[in-house]
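*Asks:* need the 3D shape of this:
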Amino acid sequence: MAPLEEEDLAPDPSIVYACKELRLDLKEQTEGAWGYAAELENLGGLDHPHLVKLRCSYTQNHKAYIIMSPYAPLTLLSFMKNPDACAWYVAQTSPQRREMTLGWMSCMSSALVYLHDAEMKHKDIKPDNILIDCDHCHHENYPLPVLTDFGISKKFSLSQGSDSRGQSGTFFWQAPEHMRSEPAGRAADVFALGGIFLLLLALGHGNTTETIIAALRGETIPASGFAAKLDEFVVPYIDDVSKTSDDSKSAWYLVKEMLASTPSERPTARNVWTALKGIMEESGFRPHCSALPRTPKTSHESPERSVGGDDILDTTTVLARLKLERQSSNTKSW
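*Replies:* Got it, this is the predicted structure:
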């Protein structure tokens, strides 16, 4: 991209931008150089309220600088580890916190739909890579999340499929197919997002993020994380907590589907967003992302497939499936 010019950025001195620094030696084509080129390619052209936005970039003294907005020092991980440090969270009532949790889940799934429709996999979705923009992005009584860090994201072609091998993000958040050394597609992003949703919902039930993460950690790296602890902890935990979660049963069931061991059994990002939109509306909440923005490259000729190979589902169909599950478990409320 062009060198940094003052007029490229907002003249308002009160606006702060984020700057990512990478060490590089373009002559040797080092990892830093490739990461710089990859992140610029991945960020270019993306325009979504819950994705970090590229403003400009430049190189100087064997370093590359990527200027982005928004600048948000609070990450989702920092928030989840100590939510009471945020005054806006402490001031919320219990229903407001539930609305915020479902709202964040809806916003993040909307961003993932946008990426997948643009034929891009993020490949490193985790709480550290989600910013909470407390200064510029608000809805109702809470700030909104922004997905960032596209250094290892990968473009794909729908004609060839999205499955691939290679660099695949942080082990703790990786999908089971990575552990099995199998190709991973868009469903791996859905799995990682499902893990984040589990932690968010758990906060509403008095389970701290550190308690859940401790339960997911093993003595060795291969035995650590959501994929490694699916049968031992994740599924039993969801089944147990959903029994006493009358107002969130649908959300818990959705998360359970997102964390399915088999990629083809997980809902697509679009079906996740559709389900959450319906859950919020049935609860009387107004979703921030009530409609999906168009992507710079959307392929309608070859739509994603959803759970069990069905076509993309609408809100009514997704909620109907959730209600059938509720009925089959003989629960009266959800």
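
*Asks:* now the strands for the protein?
*Replies:* Taking DSSP state E to define them, one finds strands in the chain at 18-23, 53-60, 63-69, 120-121, 130-139, 142-147, 154-155.

*Asks:* report the backbone C-alpha coordinates of stretch 278-286 in CSV.
*Replies:* Included here for stretch 278-286 are C-alpha records, laid out as CSV according to Å, rounded to 0.1, in the frame of the first residue of the first chain:
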residue,chain,number,x,y,z
GLY,A,278,-34.2,-15.7,16.3
ILE,A,279,-33.3,-16.4,20.0
MET,A,280,-32.7,-12.7,20.6
GLU,A,281,-36.0,-11.7,19.0
GLU,A,282,-38.0,-14.3,20.9
SER,A,283,-36.4,-13.0,24.1
GLY,A,284,-37.6,-9.4,23.2
PHE,A,285,-34.0,-8.2,22.5
ARG,A,286,-33.0,-6.1,19.5
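
*Asks:* pLDDT on that stretch, on average?
*Replies:* Stretch 278-286 shows a mean pLDDT of 91.

*Asks:* for it, list every residue counted as buried.
*Replies:* Along stretch 278-286, these residues count as buried under the neighbour rule (16 or more other CB atoms under 10 Å): 278-280, 285. Every C-beta, even on glycine, is put in place using the N, C-alpha and C of the backbone.

*Asks:* re earlier: closest one to residue 191 among the strands of the chain?
*Replies:* Distances from residue 191 to each of the strands of the chain were compared using CB to CB; the shortest belongs to strand 120-121, at 11.8 Å.

*Asks:* quick one on the thing from earlier: quick one: closest of the strands of the chain to residue 213.
*Replies:* Residue 213 sits nearest to strand 130-139 of all the strands of the chain, at 15.5 Å, using CB to CB.

*Asks:* tell me the mean pLDDT over that closest one?
*Replies:* Strand 130-139 comes out with an average pLDDT of 73.

*Asks:* how about stretch 235-253?
*Replies:* The average pLDDT for stretch 235-253 rounds to 88.

*Asks:* stretch 53-70 too?
*Replies:* Mean pLDDT, stretch 53-70: 72.

*Asks:* would you put the C-alpha positions of that stretch in PDB?
*Replies:* Below are the C-alpha coordinates for stretch 53-70, written out as PDB (Å, rounded to 0.1, in the frame of the first residue of the first chain):
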ATOM      1  CA  LYS A  53     -10.400  -2.100   9.400                       C
ATOM      2  CA  LEU A  54      -7.200  -1.500   7.600                       C
ATOM      3  CA  ARG A  55      -6.400   2.200   7.300                       C
ATOM      4  CA  CYS A  56      -2.900   2.200   5.800                       C
ATOM      5  CA  SER A  57       0.500   0.700   6.000                       C
ATOM      6  CA  TYR A  58       4.200   1.600   5.600                       C
ATOM      7  CA  THR A  59       7.700   0.100   6.000                       C
ATOM      8  CA  GLN A  60      10.600   1.800   7.700                       C
ATOM      9  CA  ASN A  61      14.000   0.600   9.000                       C
ATOM     10  CA  HIS A  62      13.300  -3.100   8.300                       C
ATOM     11  CA  LYS A  63      10.000  -3.000  10.000                       C
ATOM     12  CA  ALA A  64       6.500  -3.000   8.700                       C
ATOM     13  CA  TYR A  65       3.600  -1.100  10.300                       C
ATOM     14  CA  ILE A  66      -0.100  -1.800   9.800                       C
ATOM     15  CA  ILE A  67      -2.400   1.000  10.900                       C
ATOM     16  CA  MET A  68      -5.900  -0.200  11.800                       C
ATOM     17  CA  SER A  69      -9.000   0.900  13.600                       C
ATOM     18  CA  PRO A  70     -10.400   0.800  16.200                       C
END
